[in-house]
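K.L.:
Here is the input, now give the coordinates:
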Amino acid sequence: MTVSTSGAKLTTSPFSEGIQYFGEKLPDFDKYGKVAVIAEGETAINDPKDPVAVYQTLLAADALRYLTLQVTGSKASGHPGGFASQVEAYAALVMLGHKNIITEVGHHAPGFYSAMFLDRSLEDMGIVNVQQMRDRFREMHGLLGHLSGYIPGILAPAGPLGQGQHFAMAAALLHRDKLFPFTMGDGGMGEPYPMSSMAHFHTAYPEVTNFLPVLVWNGYSQEHHSMVSTKTNEEMIAYWKGNGFEEVILVNAKDFDDQNQSGDYVDSTAFSFKQRMAFTQAVLEGVDKAAKSSLGGKRTAFIIKQLKGAGVHARGAKSHNLYPKDTLDAPHIVNALKERALHQEAWQIVRTNCERAGGGPASKTVVTEFELPVSEIGALPLEEYAVGGEAKVSTTAMGRLVGVVGNKDKKFLVTNADGNEASGIANINQALKIIHPVQDDLYNQAPGGQVYEPLSEDACAGLAAGLSLMGARTLWCSYESFAINGLPIWQTVTQAMAELRRETPSTITLYTAGALEQGRNGWTHQRPEIEAYFASMMRNGNVFPLFPLDANSIQVCYDWALTTKNKGIVITASKSPLPIRTTFEQNRKGLEEGGIVLHESSGSKKVVFAVIGDMTLIPVFEAAKLLEEAGLGVRIVSVINPRRLYRLHDTAWDTCSQPDGGFVDDAKFAELFDGDALIGVTGGPAAMLEPIMLRSNAKRDTFAWKRGETTASAGQLMAFNGITADGLKKRAMELM
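P.N.:
Now for the predicted structure:
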């Protein structure tokens, strides 16, 4: 039953069904709260100094605090404290008409859901009242514990810290006329990536200033004081300015405290109502100034300094998380809800303002609710090399096509932290130019280029994957050995793509300079274990690691990848000249069937080699000769698309928003891999061979990467890992 704080029954409107407590009217409600300040047909308040606008922003802040606590309390689980400390800033953004709001704080999810409820976005998923929001919080097909691509009106996923700025920068790059604020907590600021990635972006794109970091400086991280809690206001401002921000606006709740709260971080909800209004006005004016500064061409940051947990059930780090004891019946939760409880009329005012702000619900207005138009690129000019002809560098063959794509699609971006030239794809730089403020033709660099080269894999993966999530084509290039530093955000994006309600270009990667090519560099450059990461992700259903075996193969793989939607496509290839073994037609068939039969001979018994990679084919062909001399038949299958070799039920393909249910049937699998013995060979981890080993009934074994060492050649490094012609022959004979 819904009751007022005095215990009287109240009539509820449909959206407020499930609100547990209603309060009395706040002071001056009849003066400032009778009519929504955002009039019908308008999208924002007119004047941040207007007392009516300030008052109703304060109402919105209290509504957000109340909903955040009640929703988390309904499951005695979730994170109310961090969002509660910045609701004035969030409410100010909304009242000023800005709804393209991103966060890097996954723990702010219940607050963002509350905002999406208030502006009616959640109605798109059947949540029309508070009770339904409570019921579906942290439940399957409901409001996930952390933000995802599934929730209407939410621009980007959030969970791992240090990622939100990538999404904000990507959106700002694609939509220059809109503001993209992103909230960032004390904990996220402690990550090594956010500030450096923004600094590089500022240098590469000095004209793109329409993303606005909103630092939630509340003094605490998840379980203790934050590492930046001892900074002075001056030091914090200097830190942001030292990282490229020209305008830093800080609003400190402490400056408005009239209750003599101790410490540098205070709770504005404890102020007198007059001072609550003063603080809210300062935030509203500060956010308005910051928004105009960002949209006006100045690199700007806004900082709200307020105690974590302000206005909810606890303060400091103790407010971060709810535990089983923190139920809606617990006295401390009940008391906190009653303190924040709004009058019925106030709820309606908040609801009306939130719905009208920004031109309507976020689910109908934010940029990610629409597919971004992409340029037509037409058929790519593939160049088919003669089988058995001159050896070619696969990456260079793909690089030529990448240049074509970039010249036809000016939104297209290539990212690389370790240098394209070192990966055999200098032709990308020549065609598209490295983005740099210093123009230098010798180094193929110029302002306005399309190759983004920060010395950070996180920044490379982040901007490339973020742009793909926002609807643009991109390519992230990396050395195989270093890409692991960028994979967390790439994984976040591919997971989000699997549940998006719209199509978006797949996020495509090219990994070069594999372990086998890095002998002289030693084990620091030999980390093919990254492939085990992708082997696991294949089970998601929308991740496709591709292993082209020559320069023809890689062209077909990239051409196919460009046609896909909402997937993660990983292309791994060598930068060394290698033989041309296949035609385009063979590779198109191999993409659909998982692999290509490169060699077949007859004998008393049949040995089948399932080979992943290009350089690994060399010892396998040598082993085939030795086995054939011994009277055995050999089939060599180059595995190009291992995801196709799983069984239908092995992956979650049917749960993906753009499902791809293409798997080879048992007859085709048998045609490829049936024999008297099966040996899987890879220069990476054996995990990538799982689809084959799972289905085969033959006597079988694997030859795979063990660990790195300094060697003079790829052959010597393969030998160190046991991948030799003699070793392969010996094991095949034993299996017979």
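K.L.:
Tell me how many other residues crowd the nearest residue in space to Ala60 that is not next to it in sequence.
P.N.:
Spatially, and ignoring its direct neighbours in sequence, Ala60 is nearest to Ala91 (3.9 Å; CB to CB, 6 or more residues apart in numbering). For every residue, glycine as well, the C-beta is placed using N, CA and C. Around Ala91 there are 30 other residues, counting by other CB atoms under 10 Å.
K.L.:
a helix runs through Ile569, doesn't it?
P.N.:
No - going by DSSP: H, G, I helix; E, B strand; the rest coil, the assignment for Ile569 is strand, not a helix.
K.L.:
how about the helices in the stretch 101-250 of the chain?
P.N.:
Per DSSP state H, counting those that start in this stretch, the stretch 101-250 of the chain carries helices over the ranges 109-118, 130-136, 164-174, 186-189, 194-204, 233-242.
K.L.:
hang on, the residue nearest to Ala60 in a strand?
P.N.:
No - looking at Ala91 with three-state DSSP, it is helix, so not inside a strand.
K.L.:
thought it was touching Tyr55?
P.N.:
No - using CB atoms under 8 Å, Ala91 is not in contact with Tyr55, being 11.6 Å away.
K.L.:
From the centroid of the chain, which residue is nearest?
P.N.:
Closest residue to the average C-alpha location of the chain: Val493 at 3.4 Å, with CA atoms, centre = their mean.
K.L.:
gap between that one and Gly462?
P.N.:
Noted for Val493: a distance of 9 Å to Gly462, by CB to CB, to the nearest Å.
K.L.:
Over to Ala573?
P.N.:
Distance, Ala573 to Gly462, using CB to CB: 23 Å.
K.L.:
Go through the helix or strand where Ala719 lies and flag the buried ones.
P.N.:
In this structure, Ala719 sits in helix 714-720 according to DSSP states H and E. Buried residues in helix 714-720, counted by 16 or more other CB atoms under 10 Å: 714-715, 717-720.
K.L.:
Could you do stretch 235-252 as well?
P.N.:
Applying 16+ other CB under 10 Å to stretch 235-252 flags 236-237, 239-240, 243-245, 247-252 as buried.
K.L.:
Which members of those residues define the maximum pairwise distance?
P.N.:
Gly244 and Asn252 (22.7 Å; CB to CB).
K.L.:
on that earlier part again, check contacts around the residue nearest to Ala60.
P.N.:
57-58, 60-61, 64 (CB atoms under 8 Å, 6 or more residues apart in numbering).
K.L.:
how many other residues sit next to the residue nearest to Leu118 when sequence neighbours are not counted?
P.N.:
Computed as CB to CB, 6+ apart, the closest residue to Leu118 that is not its neighbour in sequence is Cys354, at 4.1 Å. Here the number of neighbours of Cys354 (other CB under 10 Å) works out to 28.
K.L.:
For Cys354, what are phi and psi?
P.N.:
Phi and psi for Cys354, reported as degrees, to the nearest 10, are phi -60, psi -40.
K.L.:
Please look at it and Val94 and confirm they touch.
P.N.:
Yes - if you go by CB under 8 Å, Cys354 and Val94 touch, sitting 6.1 Å apart.
K.L.:
what touches both of those two?
P.N.:
Joint contacts of Cys354 and Val94 (CB under 8 Å, 6+ apart) are 60, 115, 119.
K.L.:
residues in contact with the residue nearest to the centre of the chain?
P.N.:
Here Val493 is in contact with 157, 465-466, 468-469, 507, 568 (CB under 8 Å, 6+ apart).
K.L.:
for stretch 723-731, which positions count as buried?
P.N.:
Quick answer for stretch 723-731 (16+ other CB under 10 Å): 723-725, 727-729, 731.
K.L.:
and His599, that one's in a helix?
P.N.:
No - using three-state DSSP, the secondary structure at His599 is strand, not a helix.
K.L.:
what residues are up against it?
P.N.:
For His599, counting by CB under 8 Å, 6+ apart, the contacting residues are 621, 624, 634-636.
K.L.:
partner residues bridging it?
P.N.:
Listed by DSSP bridges, the beta-bridge partners for His599 are Ile636.
K.L.:
Tell me how far it lies from Ala204.
P.N.:
Taking CB to CB, one finds His599 at 47 Å from Ala204.
K.L.:
repeat for Phe29
P.N.:
Phe29 is 50 Å from Ala204, by CB to CB.
K.L.:
between the two, who's got more neighbours?
P.N.:
Ala204 (23 against 17).
K.L.:
Does the more buried one touch Lys433 like I think?
P.N.:
No - with contact defined as CB under 8 Å, Ala204 does not count as touching Lys433 (11.7 Å).
K.L.:
Run through the residues that contact Thr702.
P.N.:
Applying CB under 8 Å, 6+ apart, the residues near Thr702 are 679-682, 686, 689, 693.
K.L.:
quick one, domains of this protein?
P.N.:
Domains of the chain are assigned by automatic domain parsing as 3-368, 392-735.
K.L.:
To Glu383, which of those lies closest?
P.N.:
When the domains of the chain are compared by CB to CB, domain 392-735 sits nearest Glu383, at 7.1 Å.
K.L.:
In terms of helices and strands, where is the residue nearest to the centre of the chain?
P.N.:
Element membership for Val493 (DSSP H and E) is helix 487-497.
K.L.:
now swap in Gln348 and tell me
P.N.:
Following DSSP H and E, one finds Gln348 within helix 344-356.
K.L.:
Now do the helix or strand just after that helix: distance to the chain's middle.
P.N.:
Per DSSP H and E, the first helix or strand lying C-terminal to helix 344-356 is helix 362-365. On the basis of CA atoms, centre = their mean, to the nearest Å, helix 362-365 sits 20 Å off its chain's mean C-alpha point.
K.L.:
How about stretch 50-63?
P.N.:
A distance of 33 Å separates the centroid of the chain from that of stretch 50-63, by CA atoms, centre = their mean.
K.L.:
could I have it exported to PDB, CA atoms only?
P.N.:
Extracted C-alpha coordinates of stretch 50-63, given in PDB (Å, rounded to 0.1, in the frame of the first residue of the first chain):
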ATOM      1  CA  ASP A  50      14.900  31.500 -12.400                       C
ATOM      2  CA  PRO A  51      13.800  30.400  -8.900                       C
ATOM      3  CA  VAL A  52      11.100  28.200 -10.500                       C
ATOM      4  CA  ALA A  53      13.700  26.400 -12.500                       C
ATOM      5  CA  VAL A  54      16.000  26.000  -9.500                       C
ATOM      6  CA  TYR A  55      13.200  24.800  -7.300                       C
ATOM      7  CA  GLN A  56      12.000  22.200  -9.800                       C
ATOM      8  CA  THR A  57      15.600  21.000 -10.500                       C
ATOM      9  CA  LEU A  58      15.800  20.400  -6.700                       C
ATOM     10  CA  LEU A  59      12.600  18.400  -6.900                       C
ATOM     11  CA  ALA A  60      14.100  16.300  -9.700                       C
ATOM     12  CA  ALA A  61      17.200  15.700  -7.700                       C
ATOM     13  CA  ASP A  62      15.100  14.400  -4.700                       C
ATOM     14  CA  ALA A  63      13.000  12.300  -7.000                       C
END
